[in-house]
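> just coords:
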């Protein structure tokens, strides 16, 4: 199913080939050669569940984590792209689960307690608001049926998703970190909110190169020193919680720029990404400009709803260009990024655009709180403020970011925030203040209900279907295939001439 998940030009025949591509990307594209050398990569079986358009683990994953085949680059053959393959016993001290609720919804279970918690410290990173996705997901392809049933079934699905997600986090983690306050609390033993994601250095380098060539370049801002952890900023730095009109008054010393490189949206083509709201806002802007947008608006990305989104935008008569999938680093130098989504937790493309020194226009929403500290972020509360911010950003050069703000977007700063939180949680764990009886009970119930035929039946009825749901059957079949392969290898004669 690689042709469904990856772009047309990507296809991997073996795990080695796939691992080598990742290492090359880290070394050449992400400019992280040391990370490519230090990283060990292992694969587990997964299934693309089309109803959810999501990947889910199949069979034993955590149960085999110590003995999974791991790939790494050999340092002395770094430029030759040669890899080392090991399967020695591996006992990690810290496990970081990206989306622990997603990883455990339909996971295989075979034991009385959580297999994850047998490791000293398990941290979950929550960065997708599945509750909102469940609430807004279509019930039927027929519009009038969907209009009637979706509000009812959407709310029920949202409550069910929230309840199950809380259950999974309580059962299988020691702590979780939510990327923003837009996410609901998930009943884990410890819960914190922090942006522990960063951007690649290529985006920060692009922003720095743009800043030092700007007509508003001020070395005292770009290389600002820190006084009590606060950057020295120009007096013209805007207060981002104010409206676009107030922002314009405070930045009137920035000269008007008549030329513009345009505005764009980048992301997966899903209606849940706020594209319906984007069409509404662009329509209002077009009406304010007398029937024409101030330049072509560019939409970059691919996804399952691309055709319906394209039809809707052309039906609205908007001057929009759809450009397909593209790495954000390769996007032409458009000046303004617009992201109207309210289902995001903390949008990575917004961080990347800020790092590159672009304007970003965002709705007033808890998911965007982190970005309001940046002088190039414009927040709107209604379509009138959006039109003002859009017009201003298109015709004014973005002010450069201070060194402190650029560092805030980096992976170095994100890792520092992550380490601070985990140190605080590990102290509580040493004092046995984390796991309560309810957390152990949640794990015991989930592990009991997830075993054997009963577990397969529950997973199937809960939306896993007849393939994803039958995890126990999948494990039995894998073990049967492994035993057959082992016996066939033992029965094969060894060819060759031997002499003493």
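That came in fine, so what should we check first? None of these values were measured; they are calculated from a predicted model.
> which regions of the stretch 51-200 of the chain lie under the pLDDT threshold?
Scanning the stretch 51-200 of the chain for pLDDT under 70 picks out the ranges 74-83, 87-89.
> for it, what spans make up the strands?
Here the stretch 51-200 of the chain has its strands, by DSSP state E, counting those that start in this stretch, at 54-57, 70-73, 83-86, 94-98, 121-126, 175-178, 191-193.
> what's the angle between the fourth one and strand 121-126?
For the pair strand 94-98 and strand 121-126, the angle between their directions (axes from the mean of the first three to the mean of the last three C-alpha atoms, to 10 degrees) equals 20 degrees.
> Direction included, what does strand 94-98 pair against?
strand 121-126 (parallel) (DSSP bridges).
> Then the shortest one?
Strand partners for strand 191-193, identified by DSSP bridges, are recorded as strand 175-178 (parallel).
> contact partners of the partner strand?
With contact meaning C-beta atoms under 8 Å, 6 or more residues apart in numbering, strand 175-178 is reached by 100, 122-126, 169, 185-186, 188-194, 196, 345, 418, 421-422, 425, 434. For the C-beta atoms, the positions are set from N, CA and C on the backbone; glycine is no exception.
> now do stretch 468-483
For stretch 468-483, contacts defined as C-beta under 8 Å, 6+ apart pick out 45, 47, 49, 56, 58-60, 106-110, 450-453, 455-462.
> Which of those are buried? Put it as a ChimeraX command.
Typed into ChimeraX, the line below selects the buried ones among the contacts of stretch 468-483, using 16 or more other C-beta atoms under 10 Å:
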select :47,49,56,58,59,60,106,107,108,109,450,451,455,456,459,460
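> quick one: which of the contacts of stretch 468-483 sit in helices?
Judged by DSSP state H, helices contain the following of those: 452, 453, 455, 456, 457, 458, 459.
> so what's the fourth one up against?
For residue 456, the contacting residues are 469, 470, 471, 472, 473, taking C-beta under 8 Å, 6+ apart as the criterion.
> Among those residues, find the one with the greatest number of neighbours, please.
With neighbours taken as other C-beta atoms under 10 Å, the top of these is residue 471, carrying 27 neighbours.
> got a pLDDT number for residue 235?
Residue 235 is assigned 31 on the pLDDT scale.
> try residue 307
Note for residue 307: predicted pLDDT of 91.
> buried residues in the strand or helix carrying it?
Using DSSP states H and E, residue 307 maps to helix 306-315. By neighbour count on 16+ other C-beta under 10 Å, the buried set for helix 306-315 is 306, 309, 313.
> next one: the following helix or strand past that helix to chain centre, how far?
Counting by DSSP H and E, the next helix or strand C-terminal to helix 306-315 is strand 320-322. Relative to its parent chain, strand 320-322 has a centroid offset of 24 Å by C-alpha atoms, centre = their mean, to the nearest Å.
> do stretch 33-46 as well
With C-alpha atoms, centre = their mean, you get 18 Å for stretch 33-46.
> which ones are touching the residue minimising distance to the centre of the chain?
Geometric centre of the chain, nearest residue: residue 127, 6.1 Å, by C-alpha atoms, centre = their mean. Neighbour list for residue 127: 98, 99, 179, 197, 345, 346 [criterion: C-beta under 8 Å, 6+ apart].
> Ramachandran coordinates for it?
Dihedral angles phi and psi of residue 127 (degrees, to the nearest 10) take the values phi -140, psi 20.
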